[in-house]
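Novice: Please find the sequence and the predicted model below.
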There are 2 protein chains.
Amino acid sequence: MRVPRSAQQLLAERGIRTTRQRIRVLEALLAEPNDATAQEIYESLRKRRDRIGLATVYRTLALLSEHGVVDVLMHHPGEVCYRLCGQGHHHHLTCTGCHQVVELGDCELEPWLSSLGGVHGFTVTSHAVEVAGMCADCEKAAAS
Amino acid sequence: MRVPRSAQQLLAERGIRTTRQRIRVLEALLAEPNDATAQEIYESLRKRRDRIGLATVYRTLALLSEHGVVDVLMHHPGEVCYRLCGQGHHHHLTCTGCHQVVELGDCELEPWLSSLGGVHGFTVTSHAVEVAGMCADCEKAAAS
DNA sequence: ATAATTGCAAAGCGTTTGCACCCTG
DNA sequence: CAGGGTGCAAACGCTTTGCAATTAT
């Protein structure tokens, strides 16, 4: 799912102008196995002494999500998270303990959903599934 | 799914103190077939000349969601919607045109999801499915 | 009676925007 | 070199909180 690609390449593929800041944001996402908020990305870049404005992080993330480069996740109200994802349709399995995110491929819901939509007179255009649980490590930690 | 119940009853069932304001908020939700934001509920109550504070609406909705009386939906980033739902597990089918919401019963995902979780060493505790589409009316309107 | 609930206004938070400057293509 | 991109700080909108007055049990 998560094909390793360079930040440069990701931008070029979509015909997005490459700037130092956009590359930095993408690098931060590439280095982040889970999801991150705009603020988190901003802070991690500032810690690395990268000169970037918070507004630019927001603008870049908006741009990237418009182009389908990053996914937008909303597990908690008022918290928007971004994540660099593999191409194609997939869903997410999130650990409630440590917030690690696992991509779920092979979604088998399409047929079920479109039939369900038909019953209600809907044409189903998209669907999102967010699965929450506890990873093995967190479960162990919680037990003690 | 959506058993009609009185606002009074809903509060009493959970042992929530009944106040004029809480009943008004619940009535607004009972009258609302779809979902509504805190602000929308506040405004609809003010239009009806109900004296209620915005803060109370927020506090009441938080209370009701804690007690499982209302569902919290987040289709769009930065927009938290509340909805009075039937009991039991279900999901939502939302029209992107008119925002009407249909409750989907009989969710057949449980077995699939827990097996999927197992593969990744997760104990799946919950899942949310949000299906989006176009209802018949909006599809017609869009075609013209 | 007394503890919880309310309303208001102020504070808080994440996010967006206006504008002068800067950089990419 | 032109048009898009950036940074800063101010503006923004939604939500939460402090506190005195009010209300339910």
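Specialist: Nice, thanks for sending it over. Residues are numbered from 1 along each chain as shown, chains lettered A, B, ... in the order given.

Novice: May I have the secondary structure class of the residue of chain A found nearest DNA strand C?
Specialist: Residue of chain A nearest DNA strand C, by CB to the nearest atom of the strand: A:Ala55 (3.2 Å). C-beta coordinates here come from the backbone N, C-alpha and C atoms, glycine included. Of the three states, A:Ala55 takes helix under DSSP: H, G, I helix; E, B strand; the rest coil.

Novice: quick one: A:His67 from A:Ser44, how far?
Specialist: 22 Å (CB to CB, to the nearest Å).

Novice: and the host helix or strand of A:Gln21, anywhere near DNA strand D?
Specialist: If you go by DSSP states H and E, A:Gln21 is part of helix A:20-31. Yes - using CB under 7 Å from any atom of the strand, helix A:20-31 reaches DNA strand D at A:Arg20, A:Gln21, A:Arg22.

Novice: List the first helix or strand encountered after that helix toward the C-terminus.
Specialist: Assignment by DSSP H and E places the next element after helix A:20-31 at helix A:38-47.

Novice: Now that next one: buried residues?
Specialist: Buried residues in helix A:38-47, counting neighbours by 16 or more other CB atoms under 10 Å in any protein chain shown, are found at A:Ala38, A:Ile41, A:Tyr42, A:Leu45.

Novice: could the residues of helix A:20-31 next to DNA strand D be laid out in TSV, adding neighbour count and pLDDT?
Specialist: What follows is the residues of helix A:20-31 next to DNA strand D, written out as TSV (neighbours: other CB atoms under 10 Å in any protein chain shown; pLDDT from 0 to 100):
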residue	neighbour count	pLDDT
A:Arg20	10	96
A:Gln21	17	97
A:Arg22	23	97
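
Novice: which residue is nearest the middle of chain A?
Specialist: A:Arg83 (2.1 Å; CA atoms, centre = their mean).

Novice: Assign that one to helix, strand or coil.
Specialist: Going by three-state DSSP: A:Arg83 is strand.

Novice: and the gap between it and DNA strand D?
Specialist: Taking CB to the nearest atom of the strand, to the nearest Å as the criterion, A:Arg83 is separated from DNA strand D by 20 Å.
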